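[1] This is the structure alone, sequence omitted:
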């Protein structure tokens, strides 16, 4: 992305942004020099980071396909980030043509490029809103137009809850969304965790705390499982990214804990 791109007139180029750093990890070009510098520092500290991000993206794909196979035709993707290959609407609409997707993000680059990407897609839209404000998200015109909340939806919270600090009470935020979801809806979560990598995980989180406006909170498997209160966890429960319903056993490495993100899907009864 050009540093002089007109889309970033109100973007803080002095601080790295988590969405743009993630884009860089995935090989995207919607990032700036400050994001690339931080990403390279993080990779030097933890060389597996790009592999973890790829595993997270693969989990997203499998989870969307799982929901589509169970009749879900509506997806609300919170903290959706910058568009890249394998977006929720691409996976969902390939699995179920006509599936409707609403993305939610506050990063101006993510919003601008999502609008550009989706302008010719009548079944997908982006809301410029903070996921921590469920009332604003759920009352948005885009949600009203595309989603029927009286019918089941898939609520996607993929690689975003670790940017919601405990002070903001993420369980309460999820509970408000859960209240608005019809029975038969699904909650899809992936989350950063340092349980199996205490040698590098805390230092990685500290880098985000020092350098970005979106500090990271690593959480344990028990804490992530707690986000599914009011949902029935789908087998195999909360597991490492590669272990959640792989298409083939070979997709799970000999040491899945090497890529220690946690993932799970729950169904609202």
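    Yep, that arrived. Nothing here was measured: the structure is a model prediction, and the numbers come from that model.

[2] Could you measure from residue 181 over to residue 236?
    As judged by CB to CB, to the nearest Å, residue 181 and residue 236 stand 23 Å apart. From N, CA and C alone the C-beta is placed, and that goes for glycine too.

[3] If you count surrounding residues, which of the two has more?
    The neighbour comparison of residue 181 against residue 236 (other CB atoms under 10 Å) goes to residue 181, with 21 against 12.

[4] so what's the closest residue to that one other than its chain neighbours up against?
    With CB to CB, 6 or more residues apart in numbering as the criterion, residue 181 has its nearest non-adjacent residue at 5.5 Å, and that residue is residue 268. When contacts are counted by CB atoms under 8 Å, 6 or more residues apart in numbering, residue 268 is found next to 152, 178, 181-187, 230-232.

[5] Of those residues, just say which sits nearest to residue 249.
    Residue 249 has its nearest neighbour among those in residue 186, at 24.3 Å by CB to CB.

[6] Can you name the residues bridging to the closest one?
    residue 154, residue 267 (DSSP bridges).

[7] And for the one 4 residues further on?
    Here residue 190 sits in beta bridges with residue 158, residue 263, going by DSSP bridges.

[8] any idea how far it is from residue 57?
    10 Å.

[9] of these two, who's got more company?
    Higher neighbour count among residue 190 and residue 57: residue 190, with 27 against 20, using other CB under 10 Å.

[10] what's near enough to touch the more buried one?
    56, 59-60, 157-159, 241, 261-264.

[11] Write the PyMOL selection for whichever of the residues you listed are buried.
    A single PyMOL command suffices to select whichever of the contacts of residue 190 are buried according to 16 or more other CB atoms under 10 Å:
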select buried, resi 56+59+60+157+158+159+241+261+262+263+264
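
[12] Now do the contacts for residue 65.
    91, 95.

[13] In the helix or strand where it lies, which residues are buried?
    Assigning secondary structure by DSSP states H and E places residue 65 in helix 49-69. Within helix 49-69, the residues scored as buried using 16+ other CB under 10 Å are 49-50, 52-53, 55-68.

[14] Stretch 213-223 too?
    Within stretch 213-223, the residues that count as buried by 16+ other CB under 10 Å are 214-219, 221, 223.

[15] Closest one to residue 110 out of these, please.
    residue 214 (12.3 Å).

[16] hang on, the closest one in a helix?
    No. In this structure, residue 214 is coil, not part of a helix, as judged by DSSP: H, G, I helix; E, B strand; the rest coil.

[17] With residue 198 as the reference, measure out to the residue most central in space within the chain.
    Centroid-nearest residue in the chain, with CA atoms, centre = their mean: residue 158, separated by 2.6 Å. To residue 198, residue 158 is 24 Å away according to CB to CB.

[18] residue contacts, residue 157?
    Residue 157 sits in contact with 78-79, 131, 174, 187-190, 227, where contact means CB under 8 Å, 6+ apart.

[19] quick check, nearest of the residues you listed to residue 44?
    Closest approach to residue 44 among these (CB to CB): residue 190, at 23.9 Å.

[20] pull the helix or strand with minimum mean pLDDT from this protein.
    helix 201-211 (a mean of 80; mean pLDDT, DSSP states H and E).

[21] Excluding its own residues, what touches that one? List them.
    15-16, 18, 38, 41-42, 45-46, 49, 192-195, 214-218, 260.

[22] quick one: contacts for residue 174?
    Contacts for residue 174 were tallied using CB under 8 Å, 6+ apart; they are 157, 187, 227, 229.
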